[in-house]
Structures are given as C-alpha cells and as structure tokens.
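*Asks:* Sequence and predicted model, in that order:
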Amino acid sequence: MEVYAVVATAVWAMFPAYIPNNAAVLAGGGRPIDGGRMLGGRRMLGDGKTWRGTAVGWTAGALLALFLNELNGPASDLLGVSLPEFPIPIVVAFPLGAMLGDIGASFLKRRTGRERGAPFPVVDQLDFVAGTLLLGAIASPGWFFETFTAPVLAVVLILTPLLHVLTNGIAYVIGVKDEPW
Ligand code: CTP
Ligand code: MG
C-alpha cells in the first residue's frame, strides 16, 4: 500500500475512536462512575469520569462508525482507496474501548498521585488508542488484523498523539476544556 493509502486507512479506521473523548468533554457532568469511592486515600477515578460523559461518548463514536459505513462507497471512490467497513462488533467495541482506555488512565493517574486534570504525558495521548486496539482485537480479530497491518498501526501511533494534542488545544482555547491535554 502507498503511504497515502495507509494514512487514509488509519485515519478512517480510528475516526470512531477519536470522537468519544471529545463528545465526553462536551457532555460530561453528573454522577461520577466511582460514586465518590476512595482507594488508598485517593479517589478511585475522580469526578472527571462520569456515567453521562461515558455513555454519550460511546454512543457518539458508534453512530459515527455507522455513518462512515454509509459513506464508505463514495469516500473510497473519491480517495481512490478501499476504506475499511466497520463490522457491528467493532462499531460497538471501538468507542467503548476508547472510553475504557481513558478511564483506565484516570485510575492510573489517581494511583500515581495525580489529581484530576493533572497531565500524564504519553498516557493522556495514547490511553484511548490502547483501549480501542485491545477491545477491537478481541471483538473482531479477523477484521482487526486485516485492517491494522503493521504500517497502518505505525501511522496510528504517530498520528494519534499529534491529533490529540491539536484537538485538545483547540478545545482549551475555545473554552470547552479546562486543560489543554
Ligand atoms: N468526561 C466525562 N466522562 C468521561 C470522560 C470525560 O464526563 N468518561 C468529561 C469530564 O467532564 C472531564 C472532561 O470530560 O472533566 C475532560 O476529560 P479528561 O481530560 O479525560 O478528564 P479530567 O477531568 O482531566 O480528569 P482525569 O485527570 O481523570 O483525566
Ligand atoms: Mg484531562
């Protein structure tokens, strides 16, 4: 595959995983998932991980995956690349994996003494990718390993932190996020 096709495939395939965390930022609030529970003198997850944010993020990512499936034909023609179509288990697993990866990172942040909103470089940028890839590989291994070839995976790991820094920076500047990470 050409570099261009690899990049197009990587971005298309990860799109449903890029949306959930941003949707959660917009929708967040309400009851925290940990219900205020403590672990070792600190919050288990913290007030930044809510049921509403998680549910809205998951739903937004799944709906986007379904929408991208509708666009698959015309977009593939337009780009001259055979873009991947998301099977239903992936429609469900990718955005859920993104949310769980982010939640797992908050768990780690609290265990390592980081307060809510504290930066955790690399983890902040790649937590949701790890969750997405892990859940995706479990939900539909055939599709997953066919789509995420080594070059596609490499592009995902390079491009995602850049996109993450960019979108969170924008969210901070326009005032919808408290910190730029
Ligand atoms: N959010 C949410 N539910 C989630 C993820 C995010 O409600 N599962 C919302 C919260 O309002 C959160 C905001 O999105 O404050 C920003 O998300 P994030 O940066 O992940 O959370 P932080 O508040 O920075 O907390 P943490 O240190 O635990 O990452
Ligand atoms: Mg944060």
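*Replies:* Good, I have the coordinates. Ligands and ions are numbered 1, 2, ... in the order given.
*Asks:* who in the chain is up against ligand 1?
*Replies:* Within the chain, the positions near ligand 1 by CB under 6 Å from any ligand atom are 24-25, 28-29, 46, 48-50, 53-54, 99, 102-103, 106, 109, 116-118, 177. For the C-beta atoms, the positions are set from N, CA and C on the backbone; glycine is no exception.
*Asks:* Residue 138: how many residues sit nearby?
*Replies:* Counted with other CB atoms under 10 Å, the burial measure for residue 138 works out to 12 neighbours.
*Asks:* Actually, residue 77.
*Replies:* Taking other CB under 10 Å as the definition, residue 77 ends up with a neighbour count of 11.
*Asks:* Equivalent analysis for residue 154, please.
*Replies:* Neighbouring residues of residue 154 were enumerated by other CB under 10 Å; the total is 12.
*Asks:* Okay, and it sits in which element?
*Replies:* When elements are assigned from DSSP states H and E, residue 154 belongs to helix 150-173.
*Asks:* can you pull the pLDDT of residue 29?
*Replies:* The model reports residue 29 with a pLDDT of 92.
*Asks:* what does residue 1 give?
*Replies:* The score at residue 1 is 74. That number is its pLDDT.
*Asks:* Show me the strands in the protein, by range?
*Replies:* Defined through DSSP state E, the strands belonging to the chain, from first to last, are 38-39, 42-43.
*Asks:* picking up where we left off before, for the helix holding residue 154, buried residues please.
*Replies:* By 16 or more other CB atoms under 10 Å, the buried positions in helix 150-173 come out as 151-153, 155-156, 160, 164, 167-168, 171.
*Asks:* so can I have CSV of those showing pLDDT?
*Replies:* Listed next are those as CSV, based on pLDDT from 0 to 100:
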residue, pLDDT
151, 98
152, 98
153, 98
155, 98
156, 98
160, 94
164, 93
167, 94
168, 94
171, 95
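*Asks:* how much space is there between residue 101 and residue 20?
*Replies:* Using CB to CB, to the nearest Å, one obtains 10 Å as the distance from residue 101 to residue 20.
*Asks:* Need the overlap of contacts for the two.
*Replies:* Overlap of the contact sets of residue 101 and residue 20 (by CB atoms under 8 Å, 6 or more residues apart in numbering) consists of residue 128.
*Asks:* higher neighbour count, those two?
*Replies:* In this view residue 101 and residue 20 are compared by other CB under 10 Å, and residue 20 has more residues nearby, 31 against 23.
*Asks:* max-length helix in the protein?
*Replies:* Once the chain is assigned using DSSP state H, the helix that runs over the most residues is helix 51-79.
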